[in-house]
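**Q** sequence plus predicted model, see below.
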Amino acid sequence: FGVTLHERTFRVRIDDAVDADVLVPTVEGGRAAPRRPVVVFLHGGFVGRERYRALTAHLASRGAFVIAPGHLLDLPFFEEGNGLDVLHTLRRITQRAGDPLEGAAGDGPVLVIGHSVGGVVGASLFGAAPDAVSHLALLASYPASSDFSSRPPRPGRVLSIAGGADSQVSLERATEGARALATSGVRVDLAVVDGMSHMQFADGASDAETPAIDDATALARTRVMLDALLEDFFGRESVLLDEPARWPEGVRRVAVP
C-alpha cells in the first residue's frame, strides 16, 4: 500500500479536542483503501507522536489504518482515553459522505501498540475493553496491573518487544509484565532485540543510552516482529510469530512461564 498522513483535530468530548496523526493505506490513484483494520499507536512519555512516523508509516504500508493520538504534555497517563475516544469519533466522522477518509476505517476490534508509558496505558485498555481491543504490542513496556486472571478468557494475542540494551525497562520487568498478561488466557510472546536501547523504538535514540546496534537495524527488526503480529491481527496465519527459530538474526524468544 501507499500511505497518506492526515493531521487532524478531533472533538472527542464536549469541551475537549485531541490532535492526532492518521496514517491511511492508499491504493491506485491515492484513494484511501476501504475498511482497513485499525491500529491505535500510543507514544512514550515526553516523546511526541511525530517521532514515531517511520514506524507508524510502515504499519500503514502493510495495510493498517493507523491512529496516533496526542496527549497532554506528551504523557499518555494524562487523557488515557484519547486513543479509543479518537477512534470512536473518527469512525463516526468517516461515515459521512465526502469526508477524505470516508469508509476507510474498519469497524472490528483494534490492535493497540504502545511504547514505554504508552504501553502501560495500552495494556490497561487491553484489559478493560476486550470487545474493543483484541491485540496488543508492548514496546519496551509492561502493564501496571500484575494480575489479569480475574478477567474472563479472551481471544487475541500479545507481543512484547524488549531491548537488550534498555537501561529503563529491564528484561526481568518485561518478563513479569508478559507473565501478568498471560494470566488472562491470551497468547503472549516476548521477543528481545539484542543490543537495542529504550529509545530506538522512536526516531532518534537518546544520548543517555549506548545501544549496541544502529537505529536502522533496531527498527528493521522491530518492524519484522510487528508485521508478524499484524498477520495474526488481520486474521491470517502468523507463521513467523509461531516459529521463533525463523525470527530475524538478533531477535530471540524469552519463555513466558
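**A** Yes, it's here.
**Q** low-scoring stretches of the stretch 51-200 of the chain, by residue?
**A** Scanning the stretch 51-200 of the chain for pLDDT under 70 picks out the ranges 146-147, 149-154.
**Q** so the closest residue to residue 70 other than its chain neighbours is in which element?
**A** Excluding the flanking residues, the one nearest residue 70 by C-beta to C-beta, 6 or more residues apart in numbering is residue 19, at 4.6 Å. Glycine gets a C-beta too; all of them are placed from N, C-alpha and C. Assigned by DSSP states H and E, residue 19 belongs to strand 16-26.
**Q** list the contacts of residue 131.
**A** By C-beta atoms under 8 Å, 6 or more residues apart in numbering, the residues touching residue 131 are residue 109.
**Q** that one should be in a helix, yeah?
**A** No - counting by DSSP: H, G, I helix; E, B strand; the rest coil, residue 131 is located in no helix; its state is coil.
**Q** list the beta-bridge partners for the residue nearest to residue 70.
**A** residue 9 (DSSP bridges).
**Q** what about it, how many residues nearby?
**A** Using other C-beta atoms under 10 Å as the criterion, residue 19 is surrounded by 15 other residues.
**Q** run through the residues that contact it.
**A** Contact analysis of residue 19 by C-beta under 8 Å, 6+ apart lists 7, 8, 9, 69, 70.
**Q** wait, doesn't the second one sit right on residue 20?
**A** Meaning residue 8. Yes - counting by C-beta atoms under 8 Å, residue 8 touches residue 20, with 6.2 Å between them.
**Q** measure the spatially most central residue of the chain to residue 38 for me?
**A** Nearest to the mean C-alpha position of the chain, by C-alpha atoms, centre = their mean, lies residue 113 at 1.3 Å. According to C-beta to C-beta, to the nearest Å, residue 113 and residue 38 sit 11 Å apart.
**Q** can you check which residues contact both of the two?
**A** By C-beta under 8 Å, 6+ apart, no residue touches both residue 113 and residue 38.
**Q** could you point out which element follows the strand holding residue 19?
**A** strand 38-42.
**Q** contacts for that following strand, please.
**A** For strand 38-42, using C-beta under 8 Å, 6+ apart, the contacting residues are 49, 52, 55-56, 59, 64-69, 76, 83-84, 86-87, 105-106, 108, 110-115, 118-119, 121-122, 133, 230, 233.
**Q** list the buried ones in that strand?
**A** 38, 39, 40, 41, 42 (16 or more other C-beta atoms under 10 Å).
**Q** and what of stretch 74-81?
**A** Quick answer for stretch 74-81 (16+ other C-beta under 10 Å): 74, 75, 76, 79, 80.
**Q** isn't the second one right up against residue 44?
**A** No - under the criterion of C-beta under 8 Å, residue 75 lies out of contact with residue 44, with a separation of 9.3 Å.
**Q** element containing residue 7, please.
**A** Residue 7 belongs to strand 2-13, assigned by DSSP H and E.
**Q** and that strand, which residues are buried?
**A** 3, 4, 8, 10, 12.
**Q** for the closest residue to residue 255 other than its chain neighbours, give me its contacts.
**A** Distances taken as C-beta to C-beta, 6+ apart place residue 190 nearest to residue 255, at 7.8 Å, with adjacent residues excluded. By C-beta under 8 Å, 6+ apart, residue 190 lies in contact with 160, 162, 174, 175, 178, 253, 254, 255, 256.
**Q** just how off-centre is stretch 82-102 within its chain?
**A** When distances are taken as C-alpha atoms, centre = their mean, to the nearest Å, stretch 82-102 is centred 19 Å away from the chain's centroid.
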